[in-house]
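# Whatever this is, show me its structure:
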Amino acid sequence: MRVDSLPLPAWVAETLRRLTATGTVELVDLQAGVSADTPIDLGQRLLAALGGVDRRLLALAPDPDRPVALAAEHGGTPRDDPQARPDLVLDLTSARSPELADTEIWRVRVGGHTALRLEPYFWCLYRSSNICEISVEAILPDGARSTVARAYSRVDRLSMARTRDPLLWKAAAMLERCLQQRARTGASPRVDPEPGPVESSHAGTPGPAQIAAWCVRAVARVARVRTRKALGRDTWYLALRPSSQLPDRSEAIVDALLAGGAFRRLDQPPDVFRADPFLFEHDGRCHLFFEEYSYAEGKAHIAVAEVEPDGSVSAGVPCLVRDYHLSYPFVFEHDGEIFLLPESAERRSVDLYRATRFPFEWTHDRALLSDLTALDPTLLRHEGRWWLFAGVVVPGAPSDDELSLFSAPALEGPWTPHPQNPIVVDVRCARPAGPLFWVGKDLIRPAQDGSLGYGSRISLRRVTELSESAYAEEGVGAIPPSWLPHAFATHTYGRTRSFEVTDGRGATLRPDRTSHR
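Predicted structure coming up:
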């Protein structure tokens with residue numbers, strides 16, 4: 001492992017801790033200060049100063065650059081053997097370091113450039129990019145280059161720190177996964193090239209004029225955001241319509257949904273927002289389950305309302321309340337019983353509830369998965385096996401750009417992680433957005449596209465391969481928030497034979513500015 005200096009930055013120490021904890025990777029040499037020195041010009045000094053102000057004012061994730069003592073983090077030191085020759089060099093320096101003959105080298109890149117420096121993140125903001133690419137690049141002994149792993153994450157439009165910090169924590173997990181796969185198979189993984197899906201970030205250091213121009217734009221953007229928040233708040237709401245006719249081909253699904261009737265925005269109390277709607281038909285009656293977030297309590301519970309045949313909806317009432325946040329109420333029937341699988345990421349488990357008096361009373365049945373932060377768990381029963389899709393969060397890393405898959409022979413388990421996990425690493429189509437459904441012979445997975453902001457639209461994905469050893473999907477289009485009136489985001493979709501439901505996010509004036517966040 002090559003680093004700029006000691007003590008180690010926290011994200012590098014976390015990488016080392018993850019690798020050595022597996023027992024399959026051994027650190028044989030740690031080299032500090034081996035990268036080439038580069039002169040520091042005025043632009044670099046200004047960029048560093050801007051980065052410092054950015055971190056103090058805007059940073060959210062744990063600081064990946066925090067110095068960490070080596071032994072305290074990974075519990076050991078490199079092997080004391082000057083003749084030891086590594087199988088692989090992890091080059092985690094901010095500038096190019098000397099190559100080692102006959103040895104493969106891995107580097108972490110953002111937009112085609114080193115992930116450690118500030119420049120690629122500045123250019124993402126300066127160019128108003130929506131997403132950026134982080135990858136692990138392999139340089140082979142013969143000089144050839146290939147991509148070992150790749151992910152697409154959202155760019156924070158105001159902050160280099162809020163863009164860079166989560167990506168470095170993600171890099172720690174990416175390196176662990178790739179090295180584990182290399183240890184299992186004896187060869188480095190390879191990712192097929194994707195020609196130009198994301199604009200490569202500029203390699204050079206910005207000049208004073210460019211930094212000043214960005215600062216003016218950032219101040220103006222902050223002013224606009226604060227003005228909007230002073231006048232009102234952005235709130236999620238539910239919308240309902242009669243079910244539209246599905247086409248025979250999944251290629252036509254987006255056009256068919258957009259051509260459906262108008263959605264009707266459902267009323268809700270002013271002191272809550274409602275999102276994540278799920279429809280469930282039982283005994284000839286249609287029930288609408290949803291997340292109901294209380295501004296006063298700072299958390300959400302699960303609520304339910306009844307949808308009448310004419311489309312009128314009763315007042316919602318709480319049906320599952322805990323002392324932690326609940327959302328995404330996935331309701332289904334199995335073997336004559338009704339179950340509820342809500343998101344309980346704050347509890348770090350995926351908990352299954354059984355109806356004792358449907359739809360108002362539920363009892364905890366079991367935890368399907370434990371000791372992980374899983375977002376929007378979505379179940380599918382397919383060809384005699386249960387499949388569970390969820391966005392599993394790496395601590396410190398982005399929360400909406402990875403999708404993992406688990407399967408089990410029975411609902412009670414045992415649940416097995418898919419060998420390709422994470423099966424999707426892309427903020428444009430990873431996080432679940434509602435139940436899977438069939439269009440003709442095609443299985444469609446609704447996914448959140450967060451590239452323009454959290455839940456900015458719904459991406460529809462056709463599942464092309466689903467087995468215990470392989471998973472693949474492809475896009476068949478996206479639903480923009482404009483399918484709802486006055487919405488700038490939409491992130492959940494569901495349907496029954498009678499109705500379709502979705503959610504939207506729009507700005508509303510504050511009726512009482514003193515009582516809401």
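# can we go C-alpha only for contacts and neighbour counts from here?
Fine.
# hey, which helix is longest across the chain?
If you go by DSSP state H, the chain has its longest helix at helix 160-185.
# buried set for that helix?
Within helix 160-185, the residues that qualify as buried by neighbour count (16 or more other C-alpha atoms under 10 Å) are 160-180.
# now it: how far from the chain's centre is it?
Averaging C-alpha coordinates over helix 160-185 and over its chain gives two centres that are 14 Å apart (C-alpha atoms, centre = their mean, to the nearest Å).
# What of stretch 408-425?
Centroid separation for stretch 408-425 versus its chain: 18 Å, with C-alpha atoms, centre = their mean.
# Just the terminal-to-terminal distance for that stretch.
In terms of C-alpha to C-alpha, to the nearest Å, the two terminal residues of stretch 408-425 are separated by 23 Å.
# any low-confidence regions in this structure?
With pLDDT under 70 as the threshold, the chain has low-confidence stretches at 35-39, 71-77, 79-82, 193-203, 509-517.
# Show me how it divides into domains.
When the chain is parsed into structural domains using automatic domain parsing, the resulting residue ranges are 2-226, 233-507.
# for those domains, which one ends up most surrounded?
domain 233-507 (a mean of 19; mean count of other C-alpha atoms under 10 Å).
# Pull up the distance across stretch 301-315, start to finish.
When the end residues of stretch 301-315 are compared by C-alpha to C-alpha, they are separated by 15 Å.
# Contacts for that stretch next, please.
Residues outside stretch 301-315 that contact it (C-alpha atoms under 8 Å, 6 or more residues apart in numbering): 240-242, 266, 285-293, 316-322, 325-327, 329, 359-360.
# Could you check how far that stretch is from the centre of its chain?
Centre to centre, stretch against its chain (C-alpha atoms, centre = their mean), the figure for stretch 301-315 is 30 Å.
# just checking, what packs against the longest helix of the chain?
Using 3 or more C-alpha pairs under 8 Å, 6 or more residues apart in numbering; DSSP states H and E as the contact criterion, the secondary-structure elements in contact with helix 160-185 are helix 10-21, helix 42-58, helix 119-126, strand 131-139, strand 145-154.
# next structured bit after it?
Next along the chain after helix 160-185, taking DSSP states H and E as the criterion, comes helix 208-231.
# Which elements pack onto that following helix?
Based on contacts counted as 3+ C-alpha pairs under 8 Å, 6+ apart, the elements that helix 208-231 packs against are helix 42-58.
# check which helix or strand covers Phe273.
strand 272-282.
# That strand pairs with which strands?
Applying DSSP bridges, strand 272-282 is found paired with strand 285-294 (antiparallel).
# Let's see the partner strand as PDB, backbone CA atoms only.
Backbone C-alpha positions of strand 285-294 (Å, rounded to 0.1, in the frame of the first residue of the first chain) are rendered in PDB as follows:
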ATOM      1  CA  ARG A 285     -61.600  -3.800  -0.400                       C
ATOM      2  CA  CYS A 286     -58.600  -1.700  -1.300                       C
ATOM      3  CA  HIS A 287     -56.300  -0.300   1.400                       C
ATOM      4  CA  LEU A 288     -53.700   2.400   1.000                       C
ATOM      5  CA  PHE A 289     -50.600   2.100   3.300                       C
ATOM      6  CA  PHE A 290     -48.100   4.900   3.500                       C
ATOM      7  CA  GLU A 291     -45.300   6.600   5.500                       C
ATOM      8  CA  GLU A 292     -46.700   9.400   7.600                       C
ATOM      9  CA  TYR A 293     -43.900  11.700   8.900                       C
ATOM     10  CA  SER A 294     -44.600  14.000  11.800                       C
END
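# What lies in contact with that strand?
The contact list for strand 285-294, computed with C-alpha under 8 Å, 6+ apart, reads 271-281, 299-308, 326-329, 331.
# just stretch 390-403 next, same as before
Contact partners of stretch 390-403, identified using C-alpha under 8 Å, 6+ apart, comprise 61-62, 151-153, 165-170, 173, 372-378, 389, 404-405, 421-432, 450.
# and the most centrally placed residue in the chain, how far is that from Arg226?
Nearest residue to the geometric centre of the chain (C-alpha atoms, centre = their mean): Asp400, 1.4 Å. Asp400 sits at a distance of 25 Å from Arg226 (criterion: C-alpha to C-alpha).
# before we move on, what about Ile444?
Distance check for Ile444 against Arg226: by C-alpha to C-alpha, it reads 39 Å.
# can you check Pro247 too?
Taking C-alpha to C-alpha as the criterion, Pro247 is separated from Arg226 by 44 Å.
# now swap in Ala61 and tell me
Using C-alpha to C-alpha, we find Ala61 at a distance of 22 Å from Arg226.
# ends of stretch 401-413, how far apart?
End-to-end distance of stretch 401-413: 26 Å, with C-alpha to C-alpha as the criterion.
# what does stretch 376-394 give?
Across its full length, stretch 376-394 reaches 15 Å end to end, with C-alpha to C-alpha as the criterion.
# ok, now stretch 490-497?
Distance between the two ends of stretch 490-497: 22 Å, counting by C-alpha to C-alpha.
# ok, and what's touching it?
If you take C-alpha under 8 Å, 6+ apart as the criterion, stretch 490-497 is touched by 243, 275-281, 433-435, 446-449, 455-458, 480-481, 500-505.
# Let's see stretch 57-65 as PDB, backbone CA atoms only.
Output in PDB follows, covering the C-alpha atoms of stretch 57-65 (Å, rounded to 0.1, in the frame of the first residue of the first chain):
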ATOM      1  CA  LEU A  57     -19.600  25.000   6.800                       C
ATOM      2  CA  LEU A  58     -21.100  22.100   4.800                       C
ATOM      3  CA  ALA A  59     -19.500  18.700   5.500                       C
ATOM      4  CA  LEU A  60     -21.900  16.000   6.800                       C
ATOM      5  CA  ALA A  61     -20.100  12.700   6.500                       C
ATOM      6  CA  PRO A  62     -17.300  11.600   8.900                       C
ATOM      7  CA  ASP A  63     -14.100  13.300   7.700                       C
ATOM      8  CA  PRO A  64     -12.200  10.800   5.500                       C
ATOM      9  CA  ASP A  65      -9.000  12.800   5.900                       C
END
